[in-house]
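A.B. asks: the following block contains a protein sequence and its predicted model.
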Amino acid sequence: MKLNELRDNPGAARKKKRIARGPGSGKGKTAGRGIKGQKSRSGVSINAFEGGQMPLYQRLPKRGFTKPNAKKYAVINVGLLQKFVDAGTLDAKADITEDLLVEAGIVRRKLDGVRLLAKGEISAKLKLTVTGASKAAIDAVEKAGGSVTLASPAAEAAAE
């Protein structure tokens, strides 16, 4: 078989229907839009319009609330910290800050700060400085002989 002998299976590629190209095309004159009316004209966007009836998206109840100034934290688990210490990417003796976590590739970006959570096991003695941490995460790090310092994001911004 040669490249010039390659063909689609019969009926696999159908020719595109070219509308508004004369009476011979089968879709000439009004191009399948009918005669007159809003939908026959260009620039019509009536996707959710239900003919004057209250649209479905307005009939359904609205629930919940999205806080417009909600903080978005980069989340890191203690098990992941331990994994990076074991791999040698993270130095257990150094003070571990949020910038160091970004540099090491543990978190992609700080967002509004880094928050430490307690999933996984930790045995390394780490000295951490993060924006937030759960009580269980602080207990886990202190049980391993380390310490967690909580730095407020406002104080960090003032220091820069």
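C.D. replies: Thanks, I have the structure now.

A.B. asks: who's the closest residue to residue 98 other than its chain neighbours bridged to?
C.D. replies: Take residue 98 and drop its neighbours on the chain: the residue closest to it by Cβ to Cβ, 6 or more residues apart in numbering is residue 114, 4.6 Å away. No exception for glycine: its C-beta is placed from N, CA and C like everyone else's. Beta-bridge partners recorded for residue 114 (DSSP bridges): residue 74.

A.B. asks: how near is residue 114 to residue 133?
C.D. replies: Distance, residue 114 to residue 133, by Cβ to Cβ, to the nearest Å: 9 Å.

A.B. asks: so how many other residues sit close to the closest residue to residue 119 other than its chain neighbours?
C.D. replies: Among residues not flanking residue 119 along the chain, residue 77 sits closest, at 4.0 Å (Cβ to Cβ, 6+ apart). Neighbour count for residue 77, taken as other Cβ atoms under 10 Å: 17.

A.B. asks: residues in contact with residue 121?
C.D. replies: Applying Cβ atoms under 8 Å, 6 or more residues apart in numbering, we find residue 121 in contact with 78, 79, 82, 140.

A.B. asks: and with 7 Å instead?
C.D. replies: 79, 82 (Cβ atoms under 7 Å, 6 or more residues apart in numbering).

A.B. asks: three-state assignment of it?
C.D. replies: The three-state label given to residue 121 by DSSP: H, G, I helix; E, B strand; the rest coil is coil.

A.B. asks: quick one, grab the pLDDT at it.
C.D. replies: The model reports residue 121 with a pLDDT of 89.

A.B. asks: that one and residue 66: what is the separation?
C.D. replies: Using Cβ to Cβ, we find residue 121 at a distance of 35 Å from residue 66.

A.B. asks: helix or strand for residue 149, which one?
C.D. replies: For residue 149, the element it lies in under DSSP states H and E is strand 147-150.
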